[in-house]
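Enquirer: sequence and computational prediction follow.
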Amino acid sequence: MTESDLETRVEQLTRDLRRLASELPQVAAEHPDSARGRDFSAAARVLAEGVLGRLDGALANPSAGPARRLHHCYVVDRDLDSPEGELAGRVVDGCRALQASRVLGDGGFVDTYNFEKKLNGFRWRALVAAAGRGEHARTDLLAQLDRFEALAAAVLGADVAFRERSNGPAARARLTAAAQAMTAEIQALTA
């Protein structure tokens, strides 16, 4: 399923939820059992204020970071308000920092399109794992952070070597070695 298919499906589900939220008060008013009618009325209120309100809030705030706009991946703000969400936030921030590194942008050592795809996949897996919460999610996130730290160290080494590349043949040799280490870590990122 492509992202546009997901977006289409989410739009359809949102329309259906809005229709249901508008019909529930009428069903509640016409229901012969008053207790059941109150249940329908409460469900309509939760749907209108809670679910649809959160969706509208996410759509109305496009300046929010990517970790806060994941409604199409079934991850919402509340899912990331936890220690696991903080770990996932560190992954997201680290991904942004890596994408801004000079060696990746100007070095020509990696295919930036494929690297960005791998990094985005890594980021999404971290966010979805954080939404899962629990001990398994924390263990998974810590393992992802270890892999990410190894990648960040390799990119930092390559970035330093890239900045010093004009200091002679030894600096160029260090750059070559650092670029190879960085490439190996990028390959290991999705292995």
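Expert: Alright, I've got the coordinates.

Enquirer: and residue 5, how many neighbours?
Expert: Residue 5: 9 surrounding residues under other C-beta atoms under 10 Å. In this view, the C-beta of every residue, glycine as well, is placed from N, C-alpha and C.

Enquirer: so how far is the strand or helix carrying residue 15 from its chain's centroid?
Expert: Residue 15 is part of helix 3-30 when elements are defined by DSSP states H and E. In terms of C-alpha atoms, centre = their mean, to the nearest Å, the centre of helix 3-30 is found 25 Å from the chain centre.

Enquirer: next SSE after it?
Expert: helix 34-45.

Enquirer: can you pull the domain assignment for the protein?
Expert: The chain breaks down into these domains under automatic domain parsing: 3-60, 76-189.

Enquirer: any chance of those in a markdown table, with mean pLDDT too?
Expert: Listed next are the domains of the chain as a markdown table, based on pLDDT from 0 to 100:
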| stretch | mean pLDDT |
| --- | --- |
| domain 3-60 | 77 |
| domain 76-189 | 80 |
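
Enquirer: deepest in the core, which of the ones you listed is it.
Expert: Ranked by mean neighbour count, these are led by domain 76-189 with a mean of 17 (mean count of other C-beta atoms under 10 Å).

Enquirer: tell me which residues touch residue 27, please.
Expert: Neighbouring residues of residue 27 by C-beta atoms under 8 Å, 6 or more residues apart in numbering: 37, 40.
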